[in-house]
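Trainee: 3D, please:
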Amino acid sequence: MPNLPTLLVQKNPSQNAGDNAAVAEIEIIAIAVYDKGVEVPLPVSMQRVFAGDRQFKFPSEITTGVAKTRVVYRYTLQQWRELLASLASPCAPAGLKQLMIPMLLYLKKEFPNFFQDVAYDEEFDEELYAEVVIGAGC
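Mentor: Residues are numbered from 1 along each chain as shown. As a prediction, the model looks like this:
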């Protein structure tokens with residue numbers, strides 16, 4: 001089995017889910033952690049601007065250290081929804097699906113009404129999914 005990234009997920013605990021407009025603005029942070037010696041796929045490490053309803057950088061931040069590389073994704077639920085609609089699809093690069101499909105599955109559990117209709121590549125091998133670790137306050 002390949003050395004897979006870990007996806008650390010945290011929600012701002014002070015944000016409460018109310019109506020759909022309030023839910024859309026809840027911020028979720030996901031940090032993909034790649035151990036030393038594990039190559040971060042180019043589609044994951046290449047920063048670009050995502051032109052959704054509001055433009056934002058994807059990923060938010062990339063930090064390469066001696067022991068690991070961290071790729072930070074910090075978005076509102078509305079931005080996550082826009083991203084995941086394309087990055088969990090069958091045509092997305094495997095390195096992105098490895099992170100984004102488990103993230104989508106987590107968000108579908110936490111916010112089922114908001115993510116229920118977002119499809120993903122169900123043929124992508126689950127053994128390649130990043131491990132999702134939920135942080136305090138989630």
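Trainee: Just after the helix or strand bottoming out on mean pLDDT in the chain, pick out the following helix or strand.
Mentor: Here the helix or strand of the chain ranked lowest by mean pLDDT, DSSP states H and E is helix 20-24, holding a mean of 75. Tracing the chain past helix 20-24, the next element assigned as helix or strand by DSSP states H and E is strand 27-35.
Trainee: What pairs with that following strand, parallel or antiparallel?
Mentor: According to DSSP bridges, strand 27-35 forms sheet pairs with strand 6-11 (antiparallel), strand 68-76 (antiparallel).
Trainee: gap between that strand and the chain center?
Mentor: When distances are taken as C-alpha atoms, centre = their mean, to the nearest Å, strand 27-35 is centred 7 Å away from the chain's centroid.
Trainee: pLDDT (mean, whole number) over it?
Mentor: pLDDT averaged over strand 27-35 equals 93, rounded to a whole number.
Trainee: Can you list the buried residues in whatever helix or strand comes next after that strand?
Mentor: Next helix or strand after strand 27-35 toward the C-terminus (DSSP H and E): helix 42-45. With burial defined by 16 or more other C-beta atoms under 10 Å, the residues of helix 42-45 counted as buried are Val44, Ser45. Every C-beta, even on glycine, is put in place using the N, C-alpha and C of the backbone.
Trainee: which residues touch helix 42-45?
Mentor: Residues from elsewhere that reach helix 42-45 (C-beta atoms under 8 Å, 6 or more residues apart in numbering): Ala32, Pro59, Ile62, Thr69, Val71, Ala92, Pro93, Gly95, Leu96, Leu99.
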